[in-house]
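[1] sequence and predicted model, in that order:
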Amino acid sequence: MNTRRQLGFYLLLAPLVLWLLLLIVIPHINLAMLSLQERVGVREYETSLANYMTFVEEPLYLTIFARTAIMSVLATILTLLIGFPVAYYIAKLARGRLRSVLFLLCLVPFWVSELVRTFGWMILLRETGVVSSFLQWTGIVSGPVELLYNDAAIMVGLVYTSMLFMVVPLVTTLDTLDDSVIEAGYDLGGKTSSILREIVIPHAMPGIVSGCIVVFMLSLGNYLTPIMLGGKDSLWFTELIYSQFIVRFNWELGAAFGFLLLFLSSVIVWVTLRLSGQTLEKTMG
Amino acid sequence: MPAPDLHCQNLSKVYDGVVAVDDISFEVPAGSFFSILGPSGCGKTTIMRMIAGFQEPTSGDIKIKGQSVLNVPPNQRPVNMVFQHLALFPMMNISDNIGYGLRRRGMGKARIKLKVEETLERMGLPGIEHRQVSELSGGQKQRVAIARCMVLEPSVLLLDEPLGALDLKLRDQMKVELKALQASFDTTFLYITHDQSEALVMSDAIVVMNKGRFEQVGTAEDLYHNPQTTFVAGFVGESNQWLGTITRHEGESVQLDTSSMSIRALASGGNLHQGAKAKVFVRPEAIRISKDAQDLAGSDNKLSGKVKQILFNGAASRLLVSPDQGGDIIEVNMPQAGVLSKWKPGDSAHVGWSADQGVAFVDTSN
């Protein structure tokens, strides 16, 4: 009986273990080894840190790396600023049907693929697009305007893509805040601003941090949105990795870049957790 | 004569066509402990939320110390509320919880610290400033919730069934403490509850509320001994109830026939007349019980029966007597003295009570 139960346990565990092992652990070990190899001749490799040195020595790589990080942090902050009032409205002010409808509206864009969604933005923002035509029709501008292929377009796309991942954890944590606690805040003389600062935000902190971590990771690792809305000059780090692997066939350098990105995101998440006084268990559990 | 601390005039609240509070007026004199007692859904919470400012009355006026507060937002009203589930701020420690209202008033840190310490001392909770809310016991949380309001020295403290979450022993203890606190702070308390023992023990004055209206206002003794309406007679305290038809009505006294017996009682109100359906209420402690019919010779209402069950509860023990001629079971206080206290189920018993211990009301239940 006992052995049968154990067998069942291992069988149920197997898919998870296989998933982790085959799709995450093994590829990462492989990439780690690859990133530490330097090509010295045709099919001749030596173990060295040369790939990482290339990254440090080339200013363009460093610039793109920093730019990607800063833009992602900015996109995360913007998503939080827009998402928080939305989540607060859904969790605390909307009632009954309206609440489910609003939640559904946040979800609807995710019924189509990211590619189609990004194309939607291109239709709006390109030179011959909806916004440009409208501005010409109203007479505000005399000729067609190109709204695509700049940082603002990338930012719009990133915020739009990640909104749901900010709103869901925020709604979940704000839901657990008892309405009478907010009322008690007013009853004891609090204004809306001080209640937000002393009661609502401290309570929502785990949701804010977990939403920020998810949105930041998604933005940092996003490939499609920066390329399509930012064009050739988007200078996104994932694009750099892609070109090393696919265009240049330099898998060694690509693998090193991949590890640098992993390192960067881990550091920023760690710093965010430290600064907000949260732990990974509290925000993700 | 100074204005009462709280004065509600013709207060009404209608939600989507449903009347929750129906034209209610009352005054709470300064320094008194005033309770609103009623079953859940009777509108008492709505009254309290209107006084606190969380709901707008449909019509009527609320005056605090003579000033109308109708257009004053909740954060500027001189009342504070202890919420049903206390609503302490779990993200703050105890001193920040209590100091919250003082910070909102822009008081300096040093003074806040002093006032918080002083209030905790008065509440009998010295030295817990730096604890977290989750580390406190139920009774301590209760007192912190009250301290958080009292530190602001409100004109009226509103308490919305704050003892509901406590266990029985602690609740009994808190009743006494609340009453003592109210006396020592000399603040007006408005207390709402569905628990009659809470209202009866603590209050200077009680109103009994039902279906959005006030049934009766009075002291605890008043409500218990001289109920004015059927609802109050049935809701406050425990009673044996009989439904029947009035066969005789002379001045103060009536005779009422139920399906199994005839009862003599006092008439309440003038709308009783011969042939009317009426209800008689008799308290269990007003009924005498004996093994010997001779002991009850002087009683106006007498019947004999068998003890069906004994509900032992110390001094509040009851005997359930099933009358020989049929009809409802009669609940009688168990006599506490001597051999009479040795009752067993199945014993023959004689019960009796005088006519002035029963009160008859016109039956409005249907």
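    That came through fine.

[2] give me every residue in chain B lying close to chain A.
    With the criterion set to C-beta under 8 Å from any C-beta of the partner chain, chain B comes near chain A through B:52-54, B:73-76, B:80-81, B:83-85, B:87-92, B:100-101, B:104-105, B:148-149, B:152. The C-beta positions use only the backbone N, C-alpha and C, and glycine is treated the same way.

[3] switch the cut-off to 6 Å
    Chain B comes close to chain A at residues B:52, B:54, B:74-75, B:80-81, B:83, B:87, B:89, B:91, B:100-101, B:104, as judged by C-beta under 6 Å from any C-beta of the partner chain.

[4] pLDDT weak spots in chain A?
    A:1, A:284-285 (pLDDT under 70).

[5] spatially central residue for it, please.
    Nearest residue to the geometric centre of chain A (C-alpha atoms, centre = their mean): A:Leu218, 2.2 Å.

[6] out of everything not next to it in sequence, what's closest to it?
    Nearest non-adjacent residue to A:Leu218, counting by C-beta to C-beta, 6 or more residues apart in numbering or on different chains: A:Ser162, 5.2 Å away.

[7] tell me which element that neighbour falls in.
    Assignment of secondary structure by DSSP states H and E places A:Ser162 within helix A:151-175.

[8] for that helix, which positions count as buried?
    Neighbour counts over helix A:151-175 (16 or more other C-beta atoms under 10 Å in any protein chain shown) mark A:151, A:153-174 as buried.

[9] one step back: next, the contact list for the residue nearest to A:Leu218, please.
    By C-beta atoms under 6 Å, 6 or more residues apart in numbering or on different chains, the contact set of A:Ser162 is A:79, A:215, A:218.

[10] would the first one count as being in a helix?
    Yes: inclusion of A:Thr79 in a helix is indicated when DSSP: H, G, I helix; E, B strand; the rest coil is applied.

[11] count of neighbours near it?
    As a burial measure, A:Thr79 scores 28 neighbours (other C-beta atoms under 10 Å in any protein chain shown).

[12] is it in contact with A:Val159, as I believe?
    Yes: the pair A:Thr79 and A:Val159 passes the contact test of C-beta atoms under 6 Å, sitting 5.0 Å apart.

[13] now name the helix or strand holding B:Gly41.
    Short version, using DSSP H and E: B:Gly41 is in no helix or strand.

[14] which phi and psi values does it adopt?
    B:Gly41 has phi and psi values of phi 90, psi 10 when expressed as degrees, to the nearest 10.

[15] now it: how far from chain A?
    According to C-beta to the nearest C-beta, to the nearest Å, B:Gly41 stands 18 Å off from chain A.

[16] what does chain A put close to chain B?
    A:180-181, A:183-184, A:186-190, A:199, A:202-203.

[17] switch to 7 Å and redo it
    When proximity is defined by C-beta under 7 Å from any C-beta of the partner chain, chain A lies next to chain B at A:178, A:180-181, A:183-184, A:186-191, A:194, A:199, A:202-203.

[18] so which of those residues sit within helices?
    Residues from those lying in helices, with DSSP state H as the criterion: A:180-181, A:183-184, A:186-187, A:194, A:202-203.

[19] of those residues, buried ones?
    Among these, those classed as buried by 16+ other C-beta under 10 Å are A:180-181, A:183-184, A:186-187, A:194, A:203.

[20] and which of these is nearest A:Arg43?
    Of all those, A:Arg43 sits closest to A:His203, with 59.8 Å by C-beta to C-beta.

[21] which ones are touching that closest one?
    Going by C-beta atoms under 7 Å, 6 or more residues apart in numbering or on different chains, A:His203 touches A:173, A:177, B:91.

[22] try it again with 8 Å
    A:His203 makes contact with A:173-174, A:176-177, A:181, B:90-91 under the criterion C-beta atoms under 8 Å, 6 or more residues apart in numbering or on different chains.

[23] how close does it get to B:Arg103?
    Distance of A:His203 to B:Arg103, given as C-beta to C-beta, to the nearest Å: 18 Å.

[24] any stretches of the stretch 151-300 of chain B with poor pLDDT?
    B:269-270.

[25] for it, which residue gets nearest to chain A?
    B:Leu152 (6.7 Å; C-beta to the nearest C-beta).

[26] so what does B:Met261 have for phi and psi?
    phi -160, psi 170.

[27] so it sits right up against B:Gln325, yeah?
    Yes: using C-beta atoms under 8 Å, B:Met261 makes contact with B:Gln325 at a distance of 6.2 Å.

[28] the two: which has the busier surroundings?
    Between B:Met261 and B:Gln325, counted using other C-beta under 10 Å, the more crowded position is B:Met261 (17 against 10).
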